[in-house]
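Asker: Fold the following for me, if possible:
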Amino acid sequence: MKHKPLREQVIVITGASSGIGLATARMAAERGARVVLAARSGDALARIRAEIEGVGGKAIDVVADVGRRADVQAVADRAEATFGGFDTWVNVAGGSIYGRLREISDADHERLIQTNFWGTVYGSLVATEHLRQHGGALINVGSIASDLAFPFQGMYAASKHAVKGFTDALRMELMDENAPISVTLIKPASIDTPLPQRARNYMDREPSLPPPIYPPEEVANAILHAAVHPQRDIFVGGAGKAFVAGKEFAPGAYDYLTPAIIALQKRGSAPRNPDGALHAPVAAGETRGDPPVPVMRTSAYTRATLHPLAAAAGLLGVGAATAFAVLGTSSGRRRRL
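Answerer: Numbers count the residues shown, from 1 in each chain. A predicted model of the protein is given here:
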């Protein structure tokens, strides 16, 4: 299945006020797409829309809490009223909680699931109902936590496991209906976004992400690739793929990494904003966070998976050059003998 070029698409992006959602919105607008921005922070969305329009792009902004189906439906209705519909829907909105599962309140657990899981469910069902008419792409942002569990982010991992199960089941049902809709699950590793600062924090230290950490633009690029050239699953960050493969190979050994995983999720400083943005929006408008370690420039693994034929050709070229060099050296030796 192949979709319209980005310059001909209308793309809906939830969680568009910061992080991966904002990086995706900016990149989509730069590539000519019309963008529907959705998030809880109205002030941030208005600034982002003005920024996109200031450089010749086209965008609308809709204040919405994805945990409410009526809000999600309103996003689709605005896209229909303004642009005549949409071609790609991207579910990005989400958050996290840091702390031991037994210490976290039921209200906080429930709110996280409402946003991360039900927000994806509502977005997916509303989007696919529209896309059945003329086709398009549904792109859900999961995580390597869709395949791995992380201590001190247990409910986050549970929500992303649920997103994966729902996304896979929905894809199968759409295939059974012969619906002209592609369904992609994006699985980022640690990404340099404000997620840790915006998380609800029960720890006595500021939250952090385990390295290596990749730039949000790498995820945005994968999302927009899937909007035109669908793939079933895309890992963003080779390290994430390696962790998942290692856990599948030796799940017991992965469990013994618990002390190290916990330590890597804590910084030396005291918590700055323990409440985070779980229950109410906070200042938004940033794509990046402030990780205590350097951020990778790109993910060679992800770039290769997005363009497998080019990657294969490159490997063949390297192999041919190596073989030529070896054969040439051997021939030279024979001539000398």
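
Asker: Let me know the secondary structure of E80.
Answerer: Here E80 is recorded as helix under DSSP: H, G, I helix; E, B strand; the rest coil.

Asker: Check what pLDDT it gets.
Answerer: On pLDDT, E80 comes in at 98.

Asker: how about the helices in the stretch 201-337 of the chain?
Answerer: Per DSSP state H, counting those that start in this stretch, the stretch 201-337 of the chain carries helices over the ranges 216-228, 238-249, 251-255, 258-264, 300-306, 308-336.

Asker: what pLDDT, on average, does the second one get?
Answerer: Model confidence over helix 238-249 averages 94 on the pLDDT scale.

Asker: just checking, what packs against it?
Answerer: Applying 3 or more CB pairs under 8 Å, 6 or more residues apart in numbering; DSSP states H and E, one finds that helix 238-249 contacts strand 181-188, helix 251-255, helix 300-306. (Each C-beta comes from the backbone N, C-alpha and C, glycine too.)

Asker: Any stretches of this protein with poor pLDDT?
Answerer: Across the chain, the ranges flagged by pLDDT under 70 are 309-337.

Asker: Determine which residue lies closest to the centroid of it.
Answerer: V141 (3.9 Å; CA atoms, centre = their mean).

Asker: Now do the same contact list for it.
Answerer: By CB atoms under 8 Å, 6 or more residues apart in numbering, the residues touching V141 are I20, V90, N91, V92, G94, I186, P188, V219, I223.

Asker: Name the member of the residues you listed with the most neighbours.
Answerer: Neighbour counts for these (other CB atoms under 10 Å) peak at V90, which has 32 neighbours.

Asker: who does it bridge with?
Answerer: On the basis of DSSP bridges, V90 is bridged to I13, I139.

Asker: wouldn't it be in contact with T24 here?
Answerer: Yes: using CB atoms under 8 Å, V90 is in contact with T24, at 6.3 Å.

Asker: what do those two both touch?
Answerer: Residues touching both V90 and T24 (CB under 8 Å, 6+ apart) are I13, I223.

Asker: Would you mark the buried spots in stretch 71-91?
Answerer: In terms of neighbour count (16 or more other CB atoms under 10 Å), stretch 71-91 has its buried residues at 71-72, 74-76, 78-79, 82-83, 85-91.

Asker: contact partners of it?
Answerer: 3-4, 8-15, 21, 24, 34, 36, 38, 60, 62, 64-66, 119-120, 122-124, 126-127, 130-131, 133-134, 136-141, 223, 227.

Asker: Please compute how far it lies from its chain's middle.
Answerer: How far stretch 71-91 lies from its chain's middle: 20 Å, per CA atoms, centre = their mean, to the nearest Å.

Asker: just stretch 92-103 next, same as before
Answerer: Taking the mean of its C-alpha atoms, stretch 92-103 sits 17 Å from the chain's own mean (CA atoms, centre = their mean).

Asker: buried stuff in that stretch?
Answerer: V92, A93, G94, G95, S96, I97, Y98, G99.

Asker: what's the answer for stretch 142-158, then?
Answerer: Going by 16+ other CB under 10 Å, stretch 142-158 has these buried residues: 142-150, 152-158.

Asker: now stretch 64-72
Answerer: In stretch 64-72, counting by 16+ other CB under 10 Å, buried: A64, D65, V66, G67, D71, V72.

Asker: now do stretch 101-113
Answerer: Under 16+ other CB under 10 Å, the buried positions of stretch 101-113 are I104, D108, H109, R111, L112, I113.

Asker: Can you give the contact residues for it?
Answerer: So stretch 101-113 is contacted by 67, 95-97, 154-156, 158-159, 162, 200, 202, 278-279 (CB under 8 Å, 6+ apart).

Asker: could you redo the last one with a cut-off of 10 Å?
Answerer: 67, 94-99, 118-119, 151-156, 158-159, 162, 199-200, 202-203, 275-276, 278-279 (CB atoms under 10 Å, 6 or more residues apart in numbering).

Asker: Just the CA coordinates for that stretch, please, in PDB.
Answerer: Included here for stretch 101-113 are C-alpha records, laid out as PDB according to Å, rounded to 0.1, in the frame of the first residue of the first chain:
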ATOM      1  CA  LEU A 101       4.000   0.700  41.400                       C
ATOM      2  CA  ARG A 102       2.800   0.300  45.000                       C
ATOM      3  CA  GLU A 103       3.500   3.900  45.800                       C
ATOM      4  CA  ILE A 104       1.500   5.400  42.900                       C
ATOM      5  CA  SER A 105      -2.100   6.500  43.500                       C
ATOM      6  CA  ASP A 106      -4.900   4.800  41.700                       C
ATOM      7  CA  ALA A 107      -5.900   8.200  40.300                       C
ATOM      8  CA  ASP A 108      -2.500   8.700  38.700                       C
ATOM      9  CA  HIS A 109      -2.500   5.100  37.300                       C
ATOM     10  CA  GLU A 110      -5.900   5.600  35.800                       C
ATOM     11  CA  ARG A 111      -5.100   9.000  34.300                       C
ATOM     12  CA  LEU A 112      -2.000   7.600  32.600                       C
ATOM     13  CA  ILE A 113      -4.000   4.700  31.100                       C
END
